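[1] Kindly return the folded structure for what I paste below:
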Amino acid sequence: MNKSNFVLIVILISFLVSGIVEGIFSFSISDQQAITVAHSIFIAVCVFIWCGRHAKENELRKIGGYKVFCAVFPIIGVPVYFFRFFGFKSGTVKTGKALFYLLLIVIVIALPIIFIPKLIG
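    A predicted model of the protein is given here:
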């Protein structure tokens, strides 16, 4: 498995854990905000690491500030990174895969939030 794919699995697992925790425990608004901020920082660090590893695996030498751009604004930064360094055709395919990954994340976090409260009472 590629090192960049491992980071994507870590991100997916973090969303699964987040969904399970939110489904089991009911938090106050301030606790929920603190958890959201902490998880957002974790995701930003993971995306930063992913971008660096992905660039290294694809032998991209000078990606400049794109790692930071991807980490801070992933919904915009990742497609820009793909199109800038892989061209239109490959960038479109990679962006499509990234959108499917985003859909998978939404499903992974939503299912525990929806079904765990129903299962526990």
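[2] What residues of stretch 34-43 count as buried?
    39, 43 (16 or more other Cβ atoms under 10 Å). Placement of C-beta: from N, CA and C, glycine included.
[3] The protein: helices as residue ranges?
    Ranges of helices in the chain, per DSSP state H, are 3-24, 29-57, 66-72, 74-120.
[4] residues contacting P79?
    Neighbouring residues of P79 by Cβ atoms under 8 Å, 6 or more residues apart in numbering: 91, 95, 98.
[5] Not counting residues beside it along the chain, what's closest to the first one?
    The one in question is G91. Distances taken as Cβ to Cβ, 6 or more residues apart in numbering put F83 closest to G91, at 3.7 Å, once the chain neighbours are dropped.
[6] What degree of burial does that neighbour show, as a neighbour count?
    Number of residues near F83 (other Cβ atoms under 10 Å) recorded here: 16.
[7] what about it, distance to A55?
    Distance, F83 to A55, using Cβ to Cβ, to the nearest Å: 14 Å.
[8] Pull the contacting residues for the closest residue to I11 other than its chain neighbours.
    Distances taken as Cβ to Cβ, 6+ apart place C46 nearest to I11, at 5.0 Å, with adjacent residues excluded. Shown in contact with C46 (Cβ under 8 Å, 6+ apart): 7, 10-11, 14.
[9] which of those residues count as buried?
    By neighbour count, with 16+ other Cβ under 10 Å, the contacts of C46 hold 7, 11, 14 as buried.
[10] from memory the first one sits against F48, does it?
    Pointing back at V7 there. No - look at V7 against F48 with Cβ atoms under 8 Å: they stay out of range, at 9.5 Å.
[11] what's around F25, how many residues?
    F25: 11 surrounding residues under other Cβ under 10 Å.
[12] With the one 5 residues further on instead?
    A total of 8 residues lie near S30 under the criterion other Cβ under 10 Å.
[13] That one and S18, how far apart?
    Per Cβ to Cβ, S30 is found 17 Å from S18.
[14] Please apply the same query to M1.
    Distance from M1 to S18, by Cβ to Cβ: 23 Å.
[15] Looking at the two, which has the bigger crowd around it?
    More crowded of M1 and S18, by other Cβ under 10 Å: S18, with 20 against 7.
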